[in-house]
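>>> Just to be clear, the model below is a prediction. Sequence and coordinates:
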Amino acid sequence: MRRRNFITLAGLGATGLAAIGLPVFSRSIPANNINPGSELHADLVIAGGGVGGFATALAALRNGLSVIMTEETDWIGGQLTSQGVPPDEHRWIETHGAPQSYRAYRNAVRSYYKTNYPITPQAKDKEFLNPGNAMVSALCHEPRVSLAVLNDMLAPYLSSGKLTLLLEYKIRSAEYSGNRVKALKAQSLRTGKETILTAPYFADATEMGDLLPLTGTEFVTGTESRNETRELHAPEKADPDNQQAFTVCFAMDYLPGTNNIGDKPAEYDFWRNLVPEMTPPWPGKLLDLSYSDPKTLQKKPLGFNPDGSPTAPYLNLWNYRRILAKDNFTPGAYAGDICAVNWPQNDYILGNLVGVSEKEFKHHVNRGKQLSLSLFHWLQTEAPRPDGKQGWPELRLRKDVMGTDDGLAKYPYIREARRIKAQFTILEQHVGQANRVQVAGPEAGKKAANFYDSVGIGYYHIDLHPSSRKQNYIDFGSLPFQIPLGALLPKRVENLIPVCKNIGTTHITNGCYRLHPVEWSIGEAAGLLVAYGLKNGLIPYQVREGKDVLAKFQEFIRAQGIDTEWKS
C-alpha cells in the first residue's frame, strides 16, 4: 500500500476503517526489529515517555490498544528519572488524591528497596518508607529505582509486542489535514534515520508541547493578561516569553575524609557573582545560602550541612531533597547520604527553552549545566560552614545516579510548556483559594470549582518559580481540584491530546497542575479516553458533549481506579 493511502486510512480510525469495509486490527513491531526509514502503525502514538506519556501508555495498553511511544532520552519517566526530580506530592497521597495506578507505582518503589537493598529491619517495617528521609516528599528516592519500576510495569506489553518503545527518538515533523493529524516523522538521535508513525490518535507528552506547532494545533505560551483571564494574580500585560525557570538537576554524596574538588567550571566566576535582576528584588547573589521566600519575597536564610545535622533555625538544604539516607540501610552499606539538587540556586532564568531554535535551546541548556556545576563547585569550596570554615571538599558528584558522564540529569526539568487553546481553560478563579473567595464568596474558599466533566483530581499549591522576564516567585494557596476533560481537548484538532503540562491551563494555574501525580492523572485519563473512543466509535469531543456518554465514560474510568471528585 502506498504511503499516502496508508496515512489517509490511518487517519480514519477504527470506525472509519470499518465503515469502508476494511478489517480493523492493530499491530506492533518490537523496537529492535524496526527497519530505519520504515512506517509503523498503532492505535495510539505517544510522543514523549515522561510521567504523562507513561501513564497514557499504561492506560491504553491495559485496555487492549497497541501503542508506539517515543522518548528523546534513553530513560522513560521524565521528571521521576531523566530529570532527576523526586516526586512533589500533596499530604493525602498515601491514601487518596491520585489514581490507583500511581499509588501502585509508589508501593512498587518501596517494595523495590525492601526487596533489593540492604535495608535495616526498622526501615523495612515502615509502611510508608521514605528512602531519603527527605522533607519535600514522602517518597524521595533514586531516579534509577523509578526507572526500574516503570520498566517493570511496561515489560508485559513489550514482551507481547503491544508496545513499541523508541528510545532516543525525537519527533521532527508532522503531517496533518484539516482537524486531524495523520502522521509523525520520528528521527533516531543515534543514527539519524527516520520512521513514519501513524495512528488514529496521537498524544503530545513532550516536555514543551512540541507537537502543537508541528501539527498546527493552536496554543499559547507565557503569561496571559488580567484583561484576558480576570485572574487575581495575572499581570496587566500578556507576555508569551515570560516563562518559568528551568533547572538542570544533579546528585551528590558526602564522603568524610576525602577531597573531591575538580577543575573550576568555565563559567564559575560569572555565576558566583551573579545577582539576579528580579521584581521584587532578589536578596543577593544567586550562589548563596539565602533566597527570596516564595510567599513573602523577603530574604530567607538557609542552612547546609551534608552530615544531615539540624541547622536550626534554618532549613538544612541537604535534607530537603535527599534521595538516600544511609541510616535506612545496614551500617557500612553507604559511606554517606545521597542528595538531589533542585534548589533556588540552580534555577536558570537567563533564557527560555520553549519556542526557541534548537541552537538556542542547546545554548541555554549548556549554560544551565554550567550553573549547576558552579553551584556544586561553590558548595565544595566556598559555602559557609557551621564551624566557620568555607566549603565541603568531601562532596562528590554522583554521575552514576543520573546515568550521565557529566553527573547532571539527562534532561532539564522544565516547568512550563506550550499550552493548548482548549475547549475549556482552567483559571485561577477555579482553583486559587483567594480568587475563589473573591468570585464566589467565603464558602467557596473551602472547595475548588466543580467540573461536570471531571476525569481526575489533584492538589498542589500554585507555585511559579522566577521567570525569564525577571519576575520573582508567585506562590499562594490553592484548593484540592478536579481535572476537567475540556482542558485535554484542543478547540479544533480532533485526534491530538495533550497529556502533561500542555493542557488548557493558564500561566497561573499551570503552577498547580504541573506536578508528578497530576501529570500522571492527566495521562491516564487521556489513555482511557482514546481506548473508550475507539471502542465506541467516538471522537473525544463527542464524549464530552453527550451527557449520557460522558456519564458512562466517567463510570468507565472510575472502575479503573480514577477518582473524579475529592472525598470529603
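It's in.
>>> Could you list the low-pLDDT ranges of the chain?
Regions of the chain meeting the criterion pLDDT under 70 cover residues 1-37, 568.
>>> most centrally placed residue in the chain?
Computing the C-alpha centroid of the chain and ranking residues by CA atoms, centre = their mean puts residue 79 first, at 4.6 Å.
>>> and the nearest residue in space to that residue that is not next to it in sequence, how many residues sit next to it?
Closest residue in space to residue 79, ignoring its immediate chain neighbours: residue 85 at 4.5 Å, by CB to CB, 6 or more residues apart in numbering. The way it works is simple: take the backbone N, C-alpha and C, and place the C-beta from them, glycine included. By other CB atoms under 10 Å, the residues close to residue 85 number 24.
>>> give the contact list for residue 85.
Residue 85 makes contact with 79, 249, 340, 342, 413, 516 under the criterion CB atoms under 8 Å, 6 or more residues apart in numbering.
>>> List only buried entries from the residues you listed.
79, 249, 340, 342, 413, 516 (16 or more other CB atoms under 10 Å).
>>> Tell me how far residue 269 lies from residue 231.
41 Å (CB to CB, to the nearest Å).
>>> Settle it for me: which of these two has more neighbours?
Taking neighbours as other CB under 10 Å, residue 269 and residue 231 compare with residue 231 leading, 20 against 11.
>>> In a helix, the more buried one, correct?
No - read with DSSP: H, G, I helix; E, B strand; the rest coil, residue 231 is coil and lies in no helix.
>>> what about the strands in the stretch 251-400 of the chain?
All strands of the stretch 251-400 of the chain, identified by DSSP state E, counting those that start in this stretch, fall at 290-292, 299-301, 322-324, 338-341, 347-348, 395-397.
>>> Quick check: which of the ones you listed is buried the most?
Stretch with highest mean neighbour count among these: strand 322-324 (a mean of 27; mean count of other CB atoms under 10 Å).
>>> Remind me what it packs against, helices and strands.
strand 338-341 (3 or more CB pairs under 8 Å, 6 or more residues apart in numbering; DSSP states H and E).
>>> For the strand it packs on, which strands pair with it and how are they oriented?
Each strand paired with strand 338-341, and its direction, by DSSP bridges: strand 250-254 (antiparallel), strand 322-324 (antiparallel).
>>> Distance from it to the middle of the chain?
Distance of strand 338-341 from the chain centroid (CA atoms, centre = their mean, to the nearest Å) equals 18 Å.
>>> what comes into contact with it?
Strand 338-341 is contacted by residues 84-86, 132, 140, 142, 249-254, 306, 318, 321-324, 372, 375-376, 398, 401 when judged by CB under 8 Å, 6+ apart.
>>> Quick check: residue 190 touching residue 168?
Yes - counting by CB atoms under 8 Å, residue 190 does reach residue 168; the two are 5.4 Å apart.
>>> of those two, who's got more company?
Ranked by neighbour count (other CB under 10 Å), residue 190 and residue 168 place residue 168 first, with 15 against 10.
>>> residues contacting the more buried one?
71-74, 188-190 are the contacts of residue 168 under CB under 8 Å, 6+ apart.
>>> Would you list the buried entries among those residues?
Neighbour-count burial (16+ other CB under 10 Å) applied to those gives 71-73, 188.
>>> can I get the CA coordinates of the host helix or strand of residue 109 in PDB?
Assigned by DSSP states H and E, residue 109 belongs to helix 100-116. Extracted in PDB, the C-alpha atoms of helix 100-116 (Å, rounded to 0.1, in the frame of the first residue of the first chain):
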ATOM      1  CA  GLN A 100      -4.700   3.700  42.000                       C
ATOM      2  CA  SER A 101      -2.100   3.100  39.300                       C
ATOM      3  CA  TYR A 102       0.000   5.900  40.700                       C
ATOM      4  CA  ARG A 103      -0.200   4.700  44.200                       C
ATOM      5  CA  ALA A 104       0.700   1.200  42.900                       C
ATOM      6  CA  TYR A 105       3.800   2.700  41.400                       C
ATOM      7  CA  ARG A 106       4.700   4.300  44.700                       C
ATOM      8  CA  ASN A 107       4.200   1.000  46.500                       C
ATOM      9  CA  ALA A 108       6.400  -0.700  44.000                       C
ATOM     10  CA  VAL A 109       9.200   1.800  44.600                       C
ATOM     11  CA  ARG A 110       9.100   1.000  48.300                       C
ATOM     12  CA  SER A 111       8.900  -2.700  47.600                       C
ATOM     13  CA  TYR A 112      12.000  -2.400  45.300                       C
ATOM     14  CA  TYR A 113      14.100  -1.000  48.100                       C
ATOM     15  CA  LYS A 114      12.800  -3.600  50.600                       C
ATOM     16  CA  THR A 115      13.500  -6.500  48.200                       C
ATOM     17  CA  ASN A 116      16.800  -5.400  46.700                       C
END
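>>> Show me what the helix or strand following that helix is packed against.
Going down the chain from helix 100-116, the next helix or strand is helix 121-124, by DSSP H and E. Where contact means 3+ CB pairs under 8 Å, 6+ apart, helix 121-124 is not packed against any helix or strand.
>>> Using CSV, list the CA coordinates for the following helix or strand past helix 121-124.
Downstream of helix 121-124, the first helix or strand assigned by DSSP H and E is helix 143-160. The C-alpha coordinates for helix 143-160 follow below in CSV (Å, rounded to 0.1, in the frame of the first residue of the first chain):
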residue,chain,number,x,y,z
PRO,A,143,15.9,8.0,39.7
ARG,A,144,17.2,4.5,38.8
VAL,A,145,14.7,2.9,41.1
SER,A,146,11.8,4.7,39.4
LEU,A,147,13.2,3.7,36.1
ALA,A,148,13.3,0.0,37.1
VAL,A,149,9.7,0.1,38.4
LEU,A,150,8.4,1.9,35.4
ASN,A,151,10.2,-0.6,33.0
ASP,A,152,8.7,-3.5,35.0
MET,A,153,5.2,-2.1,34.6
LEU,A,154,5.7,-1.9,30.8
ALA,A,155,7.5,-5.2,30.5
PRO,A,156,4.5,-7.5,29.7
TYR,A,157,3.4,-5.2,26.9
LEU,A,158,6.9,-5.0,25.4
SER,A,159,7.1,-8.8,25.5
SER,A,160,3.7,-9.2,23.8
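>>> And helix 143-160, what's buried?
143-150, 153-154, 157-158.
>>> With distance to residue 385 as added columns, please give those residues in CSV.
Output for these, formatted as CSV (distance: CB to CB, whole Å):
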residue, distance to residue 385
143, 29
144, 31
145, 31
146, 33
147, 35
148, 36
149, 37
150, 39
153, 43
154, 45
157, 51
158, 49
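>>> Quick check: phi and psi on the residue nearest to residue 79?
phi -110, psi 110 (degrees, to the nearest 10).
>>> quick one: the helix holding residue 109 to helix 143-160, angle?
Following axes from the mean of the first three to the mean of the last three CA atoms, to 10 degrees, one obtains 110 degrees for the angle between helix 100-116 and helix 143-160.
>>> From the rest of the structure, what touches helix 100-116?
Identification of contacts with helix 100-116 by CB under 8 Å, 6+ apart yields 55, 58-59, 87, 93-94, 119, 124, 128-129, 131, 139, 141, 145-146, 148-150, 152-153, 328, 517, 520-521, 524, 560-562.
>>> Now residue 238: closest residue in space that isn't a chain neighbour?
Residue 238 sits nearest to residue 225 (CB to CB, 6+ apart), 4.0 Å away.
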